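Novice: Here is the input, now give the coordinates:
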Amino acid sequence: MEIRNVEDCFNFRLLRKISPDKEKSERSIKIAKDRLERADKSLKMRLFDFAILDAYMAMFHSARAILYRDGIQEKSHYSIFVYLKEKYSKRIPVTIINTLNIHRIERHESMYGLEFNPSEGDALTSVEDARLFVSEMTKELKKPAKTI
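Specialist: Alright, predicted model coming up:
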């Protein structure tokens with residue numbers, strides 16, 4: 001299965017249309033901000049792997065808030081990245097969108113990899129990127145939703 005675009009995501013049922021859900025969108029952005037706080041705490045406690053996981057989850061939930069607002073349900077972390085890149089690259093800098101995918105891969109390595117041993121620098125980068133990403137998603141949520 002090769003995912004090239006949003007249409008593929010819908011065809012493979014990795015994304016599906018739902019009614020736009022403001023409540024879920026608001027809950028998701030709140031979770032994102034809470035996870036960002038946890039990432040900061042983990043960083044201070046030198047729990048670098050947890051900082052990376054929470055930083056990514058902050059990014060994931062803030063991106064998911066956009067999808068809920070647009071009336072989209074995801075069934076794949078990668079499909080969120082594909083959706084944002086295709087639908088929002090004119091409104092959100094593509095470098096910001098790309099950080100989601102970079103940290104998605106890093107999170108996967110942190111959770112499942114046998115060789116991944118994150119450094120303080122890795123964790124700092126993750127948390128800084130997540131802070132910027134969540135900020136961009138929060139700004140985007142104040143704009144009108146995209147039509148699909």
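
Novice: Could you check the pLDDT of the residue minimising distance to the centre of the chain?
Specialist: The C-alpha lying nearest the average C-alpha coordinate of the chain belongs to residue 60 (C-alpha atoms, centre = their mean; 2.5 Å). With respect to pLDDT, residue 60 scores 98.

Novice: shouldn't it be in contact with residue 77?
Specialist: Yes. Counting by C-beta atoms under 8 Å, residue 77 is a contact partner of residue 60 at 6.4 Å. For every residue, glycine as well, the C-beta is placed using N, CA and C.

Novice: Which neighbours do these two have in common?
Specialist: Common neighbours of residue 60 and residue 77 (criterion: C-beta atoms under 8 Å, 6 or more residues apart in numbering): residue 104.

Novice: now the residue nearest to the centre of the chain: how far from residue 115?
Specialist: 23 Å (C-beta to C-beta, to the nearest Å).

Novice: swap in residue 41?
Specialist: 26 Å.

Novice: Neighbour count: the two, which is higher?
Specialist: A side-by-side neighbour count of residue 41 and residue 115, using other C-beta atoms under 10 Å, places residue 41 first with 13 against 5.

Novice: how about the more buried one, secondary structure?
Specialist: Secondary structure, DSSP: H, G, I helix; E, B strand; the rest coil: residue 41 is helix.

Novice: Equivalent analysis for residue 73, please.
Specialist: Secondary structure state of residue 73, per three-state DSSP, is strand.

Novice: Give me the neighbour count for it.
Specialist: Neighbours around residue 73, by other C-beta under 10 Å: 17.

Novice: What sits closest to it if chain neighbours are left out?
Specialist: Spatial nearest neighbour of residue 73, excluding adjacent residues (C-beta to C-beta, 6 or more residues apart in numbering): residue 18 at 4.7 Å.
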